[in-house]
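Peer 1: Dropping the sequence and predicted coords here.
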Amino acid sequence: MKQTINLDRVVFKNLFLFAIIFGACQNLNAQTKKKIDVYLIGGQSNATGQGYLRNMDDTMRIDTAVLIFHSGAPHLNSGKKPFTWNPLCQASESPDRFGPELGFASKIHQLYPNRKIALIKHAHSGTNLYNQWNPGKDENDTTKWGLQFKVFVQTVDSGLNELRKMGYQPMIRGMLWQQGENDAISKDSASAKYAQNLIHFIQRVRKQFNVPRMPFVYGYVLPPPNTGTDRDLVRKAEHDIAQKNNAKISVKKAIVVQTDDLSQRADDKNSPYPKDHVHFGTNGTWMLGVRMADAFNYQH
């Protein structure tokens, strides 16, 4: 008696085996990729950085084992090609200056010596959160995105894609944010709205890059001798949003860093801005990065 073959069953079985093999190959491919920790950096002039390379002392060493990827003119000019991965270098408005990236990278690599670390940075001096860094309602609301948020997303996406091409499996570990001075001097009540705007920004960045529990570290702006009602509103928002302060608006894994004791540009040797108490100086900028790394350390 002739046997009949159930073609549907054969096809299903073959498809099932193919799915198992394909899944195993994909899993093996993912396991062979090198994992790399990625930290994002954004903000305005104290994020671009006003530390001067010429004023760095012997304790400030650039850890070139860390990689950096940054936006280009008119935002940042490191003297190296933008939108490409390089060993760690300064990434500020001009090649003679640096931001918190140098101190942060040095410290975070000390804390996690066995991890590969990469930084993606976009910052622009004199920019506000309420408009220029506006992240829109959601990822589809691109017409409402401010220019700096658009460039930030483009920079991060490009940096992550390039890492994948290089054989890495990038994992966003957190974000450094140094901004708020511009909102504190605006004449349209931006300071009063800074809390809700920063909370929304944190939520949007986490959603944009699919890292819902991403630690978000930022430093107080406008340290003494700065004063003023609007300045105080922005700093209160920065205080209350931090998880550790247990305010009604506190955000989980939002971490504020103390900056009032950091050196200012007015303190720098041969400073071209001897009256500048808005921007951190060389040592202050380095230490801002170090403190941000220490803040991340508690989150890992």
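Peer 2: Right, received. Where do you want to start? The shown structure was predicted, so the numbers you read here are calculated from the model rather than taken from an experiment. Numbering: from 1, shown residues only.
Peer 1: alpha carbons only for contacts and neighbour counts from here, please
Peer 2: Fine.
Peer 1: Just the strands from this protein, written as ranges.
Peer 2: Listed in chain order, the strands of the chain (DSSP state E) span 34-43, 51-52, 67-70, 86-87, 97-98, 117-121, 168-178, 216-219, 254-257.
Peer 1: closest one to G136 among those?
Peer 2: Among these, strand 34-43 comes nearest to G136, with 16.6 Å by C-alpha to C-alpha.
Peer 1: what's the angle between the closest one and strand 168-178?
Peer 2: Interaxial angle, strand 34-43 versus strand 168-178 (axes from the mean of the first three to the mean of the last three C-alpha atoms, to 10 degrees): 20 degrees.
Peer 1: For stretch 279-299, give the mean pLDDT please.
Peer 2: The pLDDT scores in stretch 279-299 average 92.
Peer 1: Report the buried residues of it.
Peer 2: Buried residues in stretch 279-299, counting neighbours by 16 or more other C-alpha atoms under 10 Å, are found at 279-296.
Peer 1: mind listing which of those residues are in helices?
Peer 2: 282-296 (DSSP state H).
Peer 1: now, among these, which is nearest to S92?
Peer 2: T285 (11.6 Å).
Peer 1: pretty sure that closest one contacts P100?
Peer 2: Yes: applying C-alpha atoms under 8 Å as the test, T285 and P100 come out as touching, 5.5 Å apart.
Peer 1: Mutual contacts of the two, please.
Peer 2: Common neighbours of T285 and P100 are listed as G49 (criterion: C-alpha atoms under 8 Å, 6 or more residues apart in numbering).
Peer 1: Help me confirm that H75 comes into contact with H122.
Peer 2: Yes: shown here, H75 and H122 form a contact pair, counting by C-alpha under 8 Å, at 7.4 Å.
Peer 1: what about those two, which has more around it?
Peer 2: Set H75 next to H122 and count neighbours by other C-alpha atoms under 10 Å: H122 wins out with 27 against 19.
Peer 1: ok, the more buried one touching Q154?
Peer 2: No: using C-alpha under 8 Å, H122 is not in contact with Q154; the gap is 9.6 Å.
Peer 1: which stretches of the chain form helices?
Peer 2: 7-32, 45-48, 101-111, 147-165, 181-185, 194-208, 229-241, 282-297.
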